[in-house]
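**Q** can you look at this prediction? I've put the sequence above it.
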Amino acid sequence: MIPRGPQDGTPWGRGATLALGAGALFAGQAAALMALTWWYHIGLDEMPDLSGDGVAIIVVMLVATPVQLTLLAFMARQTGATAVDYLALIVPRRADVVLGVLAILLFIVIGDAVSWIAGKTLVTAFQYDIYRTARAAGALPLLWLAVVVVTPINEEALFRGFLFRGWLRKPGDTWPVIVATALLWAIIHVQYDYFVIAQVFVCGLILGWFRWATGSTLLTMLLHALVNAEGMLETAFIAHG
C-alpha cells in the first residue's frame, strides 16, 4: 500500500520521491514485459533478443506509459495537490517556447558537429535497428508516435515532473536537482554508448534549466519531442538513402 503524502500540497520527501518514482517506472516496465511475453509468446529469458526490435519498442512505450502516468498522478494527488500542478503540466508562454526551440536547435547542431568531429555516426545502431524492423513490420507510424510523442511524455513526467517537484525545495537546490535528474535520465539510456549518453546528459541539463526557468513540464515535453523527431528524421534519411 502506498503511504499517504502530506495533505497541504507540499511535495513528498526526497527519499520517498525517488522510491515512488522508481516504483512507477518499474511498474510500467513490468506491465510492458508482460505485454511482450504475450505478444511474442516468449519467456523473460528471451527478452534481450528484442532490444533492437522496433515493434517491441512500440509495445513497451504504449503499455508502460499509461501505467507510469497513472501512478505518478495518483501519488501526486496524495500530497493534496492536483496532478497538473504537481507535475507542472502548465502551458508555457510563447516567448519561452521560442527560446526553448532555439536552444534545442542549437544543441542539435552542436551535438551533430561534435559527433562528426569525433568520427561518430549520427545514427546509432539502436536507432537504425528499430527503424528498420518497424518498417519491415509496417509499423513506422506507430514507431514515430512512440518515439516522438509517447516517450517524451513518459520520461518528462517522471524526471522533470515528479522527481523535480519532489527534490527542489529551495533556491540552492536548483542546479543539484537539474544535474541529478539529467544524470538519472541519461543513465536509463543503456541502449547507447558512453558518447551518446553524455549527449543525453547535456540535453537533460538544458531541459532541466527550462523546467526550472519556466515552471512548465509541458515545455520540456515539447523540446524533448523535437530532439527525438530530429533523430528519427536522420534515421529515416540513412535508412532510405
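**A** Structure received.
**Q** tally of neighbours for Val148?
**A** 19 (other C-beta atoms under 10 Å). C-beta here means a position set from N, CA and C on the backbone, and glycine is covered the same way.
**Q** doesn't Gly231 make contact with it?
**A** No. Val148 lies out of contact with Gly231 (C-beta atoms under 8 Å); the separation is 9.0 Å.
**Q** which residues are contacting whatever helix or strand Val114 lives in?
**A** Per DSSP states H and E: Val114 is located in helix 94-117. With contact meaning C-beta atoms under 8 Å, 6 or more residues apart in numbering, helix 94-117 is reached by 92, 121-122, 195, 199, 202-203, 206, 210, 213-214, 216, 219, 222-223, 226-227, 230.
**Q** what do you get for stretch 126-145?
**A** Outside stretch 126-145, the residues that reach it (C-beta under 8 Å, 6+ apart) are 51-55, 57-58, 62, 191-192, 231-232, 234-236, 238-239.
**Q** now list the buried members of those.
**A** The neighbour-count test (16 or more other C-beta atoms under 10 Å) marks 52-55, 57-58, 191-192, 231-232, 234-236 as buried among the contacts of stretch 126-145.
**Q** now pLDDT too, for these, in JSON lines please.
**A** Output for those, formatted as JSON lines (pLDDT from 0 to 100):
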{"residue": "Gly52", "pLDDT": "85"}
{"residue": "Asp53", "pLDDT": "91"}
{"residue": "Gly54", "pLDDT": "94"}
{"residue": "Val55", "pLDDT": "94"}
{"residue": "Ile57", "pLDDT": "94"}
{"residue": "Ile58", "pLDDT": "96"}
{"residue": "Gln191", "pLDDT": "88"}
{"residue": "Tyr192", "pLDDT": "91"}
{"residue": "Gly231", "pLDDT": "96"}
{"residue": "Met232", "pLDDT": "97"}
{"residue": "Glu234", "pLDDT": "96"}
{"residue": "Thr235", "pLDDT": "96"}
{"residue": "Ala236", "pLDDT": "95"}
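**Q** out of those residues, who's nearest Ala73?
**A** Closest approach to Ala73 among the buried ones among the contacts of stretch 126-145 (C-beta to C-beta): Ile58, at 23.1 Å.
**Q** what distance separates stretch 110-125 from the centre of its chain?
**A** 21 Å (C-alpha atoms, centre = their mean, to the nearest Å).
**Q** can you list the buried residues in it?
**A** Under 16+ other C-beta under 10 Å, the buried positions of stretch 110-125 are 111, 115, 123-124.
**Q** now, which of those sits nearest Ala27?
**A** For the buried residues of stretch 110-125, the residue nearest Ala27 by C-beta to C-beta is Thr124; the value is 27.9 Å.
**Q** so what's the closest one up against?
**A** 191-193, 196.
**Q** identify the residues contacting Gly172.
**A** So Gly172 contacts nothing (C-beta under 8 Å, 6+ apart).
**Q** how deep is Pro171 tucked in, by neighbour count?
**A** Neighbours of Pro171 using other C-beta under 10 Å come to 8.
**Q** ok, now how distant is the residue nearest to the spatial centre of the chain from Phe107?
**A** Per C-alpha atoms, centre = their mean, the C-alpha nearest to the average position across the chain is that of Glu155, at 2.6 Å. Note on Glu155: its distance to Phe107, by C-beta to C-beta, to the nearest Å, is 17 Å.
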